[in-house]
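1. Give me the fold of what follows.
(2 chains, ligands or ions: 2)
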Protein chains: 2
Amino acid sequence: MRPIDALVSSLPDGRVVTDPDVIDSYARDRTFVAPGKPLAAVLAGSRDDVVATLRWASEHRVPVVPRGAGTGLAGGATAGDGAVILSLARMDQIRELAPADEIAVAEPGVITADLDRAARQHGLMYAPDPSSYEISTIGGNLATNAGGLRCVKYGVTRDSALGLEVVLADGRILNTGRRTMKGVTGYDLTGLFVGSEGTLGVITAATVRLRPVPAAPATFAAEFGSLRDAGAAVSAIMAAGCQPSLMELLDRATLEAIDDWRNIGLEAGTMAMLIGQSDASDGQAAAARMERLCLDNGATFVAVSSSPQETEELIGLRRMAYQAKERLGACLVEDVCVPRSVLPDMIGAIEAAAARHGVRICTVAHAGDGNLHPVFVFEHGTSEPPPEVWAAADEVFTRALELGGTLTGEHGVGVLKRRWLALETGPVAREVQHGIKAVFDPLNILNPGKAI
Amino acid sequence: MRPIDALVSSLPDGRVVTDPDVIDSYARDRTFVAPGKPLAAVLAGSRDDVVATLRWASEHRVPVVPRGAGTGLAGGATAGDGAVILSLARMDQIRELAPADEIAVAEPGVITADLDRAARQHGLMYAPDPSSYEISTIGGNLATNAGGLRCVKYGVTRDSALGLEVVLADGRILNTGRRTMKGVTGYDLTGLFVGSEGTLGVITAATVRLRPVPAAPATFAAEFGSLRDAGAAVSAIMAAGCQPSLMELLDRATLEAIDDWRNIGLEAGTMAMLIGQSDASDGQAAAARMERLCLDNGATFVAVSSSPQETEELIGLRRMAYQAKERLGACLVEDVCVPRSVLPDMIGAIEAAAARHGVRICTVAHAGDGNLHPVFVFEHGTSEPPPEVWAAADEVFTRALELGGTLTGEHGVGVLKRRWLALETGPVAREVQHGIKAVFDPLNILNPGKAI
Ligand SMILES: Cc1cc2nc3c(=O)[nH]c(=O)nc-3n(C[C@H](O)[C@H](O)[C@H](O)COP(=O)(O)OP(=O)(O)OC[C@H]3O[C@@H](n4cnc5c(N)ncnc54)[C@H](O)[C@@H]3O)c2cc1C
Ligand SMILES: Cc1cc2nc3c(=O)[nH]c(=O)nc-3n(C[C@H](O)[C@H](O)[C@H](O)COP(=O)(O)OP(=O)(O)OC[C@H]3O[C@@H](n4cnc5c(N)ncnc54)[C@H](O)[C@@H]3O)c2cc1C
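-> Ligands and ions are numbered 1, 2, ... in the order given. Predicted structure coming up:
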């Protein structure tokens, strides 16, 4: 029997896909990273399917690439030659929702926004909201430790993960963490799996923390004649303890891309826009304080939204940013994060790199956290970013690290950032990470070559 | 040369203590767990001292017990025969305080409250505040993932730890994490060390997150005729999104202990007291809402504090609890944590265990997080808790786990909770934890026999 036949016979009917075209559609994420020729895709319907697939893969030494919705921006779910793609998308049940304990137990294929909506029926919310939350999965969010717009106040996915059910490479089932808000029994295995990009085990369920739905947010937008002023306003707002629930910065290049598309009446002198929210019970007062701090720091125009519709429009501007850029060309979406005080320096470095290498870079930032997404635009239809884009990206990464920052705030390393990894991770950390990998996956079948 | 002479000669003068009486004072924590006869205590003054000690220990296969202030409640810093105690207490410098980035870099021996005070000079605070914060160290807090009163709003020590400098068992230096608020490069090694109770490496510095000092808190206290009512009030307050910055529950036995000592005029029918705070900018309104919810849930008396002095008195009641109990006898301080909705059931189970085994148990709870400290009181001068205390404790632990809870919310496993560990940690988790331990400490010299 060929190995693939053994796989088919160990799973319920219809789980294994071998049609090359269908496989190919499962073999890539939202990057340009080219997949190889994977052997098959397993569309898991249950934890048992995951166990059977991993046992088989261990026996036959076949690489397994776990996959949620494939919205990743680091090439983490890209599958190479001979690999089996293990899609968790069909495991999409919310197993439990316990409002009194403010927790839910979700399968990995649950769409992020669906979990949030389910929680809202009980006056609760699931806080982590990557911009992709209508299309990404909880499993993918956990595996990448996704951030989002609200995370400036509510933290990243890690901060909402209490416990996990994980299938290890050899098919054993590991339960980590707990159902309680606190707990310190044993090492923090939950934290170890969150952000491990499918290299340590396959997440088949997660116990997550929910939170009471906050007050309807008060929203403001401010325009600045210089990025430095906008950065100073962000610092002032955070230092004043305003606790924004959203604090996004759009640079001139991004605003131009949006203006080109939707004609938002962009003024000539506007170099940056800051959009902020407060969902505190005295949110209007907090928004007014933030508005004041923007003006104190040189804002040329400030508006507090006066209606839900206006708020929608402002947030819509931010959510439009990615699509607006895609109209300009193919995009390399980057993700550096720096200490907040050097946000203006980092933006300056991005602008310098763009100018030096003649590359169009549009930047959006989760500014309250110092997390910037410089998007490098290059010609549509090019299979790989051209050398000048890599040169500019290299400059941006190097500068981020020099400023005390990190290569990736929320998207992960995947395959895209591997070549810069050694600049951030010293040899000792590298060695212990590979040691940990070997504990969980001694045969190196789980998403080999990714993340570490 | 005897091994101990090699140690002495590898360190600056005065670092190694061999006087048995002095060693003994370093060999225990705040539990009754009896130490053995350690070989020596090293009073490390620098990272180099830690490196030299661990290299020496690896060479000679000597167990090393890291130690902060010895305020632990799990026996984690208790040293056995032939061990070397490695005290970090003298490494007490705040290496850096960067207000604009809201971070500090602290050595492990810094006293928790000192870091908080240093931050407050810049309008910032260090949030984690175990009740022991005037005497515990940052290193000990990290190694146990300490909680505290404020953690219902600001999270546990893990939530304030961004990066660590760790000396591994063989003397290599590992840097984990980063200076930024977010970051996902590589596995979460910071999280792995936090709560690892000195079994994976010795923390020699930590980059921690600071936060703007919130508004002066509004405080209330409520008395209840039954614990179930108090539990229901807690649930209602949390569900309403009041975001208390403190939410402590004291049971009748605790109130009696305090009343015996300080005569607080305890009423006959008062079975529980809830003390809460809000440090929001509209804190008075939040406190009033919480007061209302207490009344709705059967509170017999509620008072909102009207002056800082009254607030001090109320919080003082809570801080007095531990000392009040120590007057009654020797104490086994326990630390179960349960999902919030079963808080009343857990308290009921504690009362039942006390009655069944004829043991005095006084309970205080970080109620907002479902974290209870049942304190088992037994005769002063007894070296070990008597069998009925262990029997009652066994019942409490078993019930906590049945209710979906955990053995330890914040104090750690140490040696005290090892015998119940298997009830919570399945065989797979046990195996991977020992696998991880072997990656970092293959000779098993770091705090052997603790935590896992
Ligand atoms: C328009 C757009 C906006 C975005 N905005 C954000 C944002 O604001 N913040 C942010 O953080 N990201 C953002 N992203 C990136 C992406 O959506 C996130 O990384 C998301 O978490 C990926 O989820 P996914 O289900 O698509 O995972 P995939 O892309 O399928 O997989 C991502 C990684 O997780 C692994 N994985 C997936 N499921 C599992 C599992 N069950 N067990 C183990 N490993 C698994 C994969 O192997 C891979 O390494 C955005 C992407 C797009 C396209
Ligand atoms: C009155 C009182 C109230 C308390 N209240 C609380 C509370 O509210 N919340 C709470 O969580 N705890 C509380 N505790 C328990 C205790 O204070 C905490 O566990 C604290 O974190 C221990 O700090 P320490 O410096 O005393 O550590 P130690 O007791 O010296 O050590 C604790 C553990 O950490 C390890 N360790 C210490 N330093 C290092 C280091 N630098 N590197 C590696 N490992 C290290 C030790 O080996 C040991 O396993 C209380 C204790 C008392 C006596």
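2. got a pLDDT number for A:His380?
-> According to the model's per-residue confidence, A:His380 sits at a pLDDT of 88.
3. Using the three-state scheme, assign it.
-> What DSSP: H, G, I helix; E, B strand; the rest coil gives for A:His380 is coil.
4. Pretty sure it sits against A:Ala330.
-> Yes. At 5.3 Å, A:His380 and A:Ala330 qualify as touching, with contact defined as Cβ atoms under 8 Å. Heads up, the C-betas are built off the backbone N, CA and C, glycines and all.
5. More neighbours: which of these two?
-> Set A:His380 next to A:Ala330 and count neighbours by other Cβ atoms under 10 Å in any protein chain shown: A:Ala330 wins out with 18 against 11.
6. mind listing what the more buried one touches?
-> Shown in contact with A:Ala330 (Cβ atoms under 8 Å, 6 or more residues apart in numbering or on different chains): A:Phe32, A:Val377, A:Phe378, A:Glu379, A:His380, A:Gly381, A:Thr382, A:Pro385.
7. which helix is the longest one in chain A?
-> For chain A, the helix reaching the highest residue count under DSSP state H is reported as helix A:308-326.
8. ok, and for stretch A:21-33, which residues are buried?
-> Across stretch A:21-33, burial judged by 16 or more other Cβ atoms under 10 Å in any protein chain shown covers A:Ile23, A:Tyr26, A:Ala27, A:Arg28, A:Asp29, A:Arg30, A:Thr31, A:Phe32, A:Val33.
9. is it up against ligand 1 anywhere?
-> Yes. Legend: contact between stretch A:21-33 and ligand 1 by Cβ under 6 Å from any ligand atom is shown at A:Asp29, A:Arg30.
10. Which single residue in the stretch 301-450 of chain A comes nearest to ligand 1?
-> Among all residues of the stretch 301-450 of chain A, A:Glu410 sits closest to ligand 1, at 3.4 Å; criterion: Cβ to the nearest ligand atom.
11. which one is that residue nearest to, not counting chain neighbours?
-> Distance criterion Cβ to Cβ, 6 or more residues apart in numbering or on different chains; nearest residue to A:Glu410, sequence neighbours excluded, is A:Gly147 at 3.5 Å.
12. Same check on A:Val156?
-> A:Val156's closest residue in space is A:Gly147 (Cβ to Cβ, 6+ apart), at 4.8 Å.
13. per-residue confidence at the one you found?
-> pLDDT recorded at A:Gly147 is 97.
14. As a markdown table, the buried residues of stretch A:21-33 with distance to chain B would be great.
-> Conversion of those to a markdown table gives the following (distance: Cβ to the nearest Cβ, whole Å):
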| residue | distance to chain B |
| --- | --- |
| A:Ile23 | 28 |
| A:Tyr26 | 24 |
| A:Ala27 | 23 |
| A:Arg28 | 21 |
| A:Asp29 | 16 |
| A:Arg30 | 17 |
| A:Thr31 | 16 |
| A:Phe32 | 21 |
| A:Val33 | 18 |
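15. give me the element the most centrally placed residue in chain A is part of.
-> What sits nearest the mean C-alpha location of chain A, by Cα atoms, centre = their mean, is A:Ala146, with 3.6 Å. Using DSSP states H and E, A:Ala146 is not contained in any helix or strand.
16. same question, the one 3 residues further on
-> Taking DSSP H and E as the criterion, A:Leu149 maps to no regular element, lying outside all helices and strands.
17. now swap in the one 4 residues further on and tell me
-> With secondary structure defined by DSSP H and E, A:Lys153 is part of helix A:151-154.
18. near chain B at all, that helix?
-> Yes. Using Cβ under 8 Å from any Cβ of the partner chain, helix A:151-154 comes into contact with chain B via A:Cys151.
19. ok now that helix, how far from the chain's centre?
-> Its chain's C-alpha centre lies 14 Å from the corresponding centre of helix A:151-154 when counted by Cα atoms, centre = their mean, to the nearest Å.
20. Against which helices or strands is that helix packed?
-> Taking 3 or more Cβ pairs under 8 Å, 6 or more residues apart in numbering or on different chains; DSSP states H and E as the contact definition, the neighbouring helices and strands of helix A:151-154 are strand A:246-251.
21. If I take the strand it packs on and helix A:308-326, what angle do their directions form?
-> Strand A:246-251 and helix A:308-326 are oriented at 40 degrees to each other (axes from the mean of the first three to the mean of the last three Cα atoms, to 10 degrees).
22. List the strands paired with strand A:246-251, with their directions.
-> strand A:272-278 (antiparallel), strand A:360-366 (antiparallel) (DSSP bridges).
23. Is ligand 1 within reach of that strand?
-> No. Where contact is defined by Cβ under 6 Å from any ligand atom, no part of strand A:246-251 touches ligand 1; the two come within 10.1 Å at best.
24. What residues does the stretch 301-450 of chain A have near ligand 2?
-> Taking Cβ under 6 Å from any ligand atom as the criterion, the stretch 301-450 of chain A has no contact residues with ligand 2.
25. ok so, going back, helix, strand or coil for the residue of the stretch 301-450 of chain A closest to ligand 1?
-> Per three-state DSSP, the local secondary structure of A:Glu410 is coil.
26. I figured it hits B:Thr180, correct?
-> No. Because the distance of 11.0 Å does not satisfy Cβ under 8 Å, A:Glu410 is recorded as not touching B:Thr180.
27. Quickly list what's touching both of the two.
-> Taking Cβ under 8 Å, 6+ apart as the contact rule, the neighbours common to A:Glu410 and B:Thr180 are A:Cys337, A:Asn371.
28. Contacts only, for the residue of chain A found nearest ligand 2.
-> Of all residues in chain A, A:Val184 sits closest to ligand 2, with a separation of 8.3 Å (Cβ to the nearest ligand atom). When contacts are counted by Cβ under 8 Å, 6+ apart, A:Val184 touches B:Thr144, B:Asn145, B:Gly195, B:Thr406, B:Thr408, B:Gly409, B:Glu410, B:His411, B:Gly412, B:Val413.
29. Pick out the most distant pair among these.
-> Within these, two members stand farthest from each other by Cβ to Cβ: B:Thr144 and B:Thr406, at 14.1 Å.
30. Looking at those two, which has the bigger crowd around it?
-> Neighbour tally, B:Thr144 and B:Thr406, criterion other Cβ under 10 Å: the higher count belongs to B:Thr144, 32 against 26.
31. residues touching that one, list them.
-> Neighbours of B:Thr144 in contact, by Cβ under 8 Å, 6+ apart: A:Val184, B:Gly72, B:Ala74, B:Gly76, B:Thr157, B:Gly195, B:Glu197, B:Glu410, B:His411, B:Gly412.
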